[in-house]
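> Build me a model from this:
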Amino acid sequence: MKIAMLVLGVVLALLGVLWFLQGVGVLGGSAMSGNTTWAVVGPIVAIVGIALAVASRRRPARRP
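So this is what the prediction gives:
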């Protein structure tokens, strides 16, 4: 479960950065390019991803 949370957190963080870069127009070639909505949504998703990854590392392991 911890590994799944870590992987999901990293994926969300990377998607958030990608969406931000497309939203501000650094990366082109998409309908998202230059759209300020993605410039706002991207960092929010990235922060959630980072928080999830950090939480997965801090969560104590379950013992049966």
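> can we go C-alpha only for contacts and neighbour counts from here?
Will do.
> ok, and what's touching stretch 10-18?
Where contact means CA atoms under 8 Å, 6 or more residues apart in numbering, the residues beyond stretch 10-18 that reach it are 41-50, 53.
> Which two among those are spaced furthest apart?
In these, two members sit farther apart than any others by CA to CA. They are Val41 and Ala53, at 18.5 Å.
> what about the two, which has more around it?
Neighbours were counted for Val41 and for Ala53 using other CA atoms under 10 Å; Ala53 has more, 23 against 15.
> do you know how far that one is from Met32?
Taken as CA to CA, to the nearest Å, the spacing of Ala53 relative to Met32 amounts to 26 Å.
> Low-confidence ranges, the protein, go.
Scanning the chain for pLDDT under 70 picks out 59-64.
> mind listing the strands for it?
Here the chain has no strands by DSSP state E.
> all helices for this structure, in order.
Counting by DSSP state H, the segments of the chain that form helices are 2-23, 36-58.
> ok, and for the shortest one, which residues are buried?
Going by neighbour count (16 or more other CA atoms under 10 Å), the buried part of helix 2-23 is 2, 5-23.
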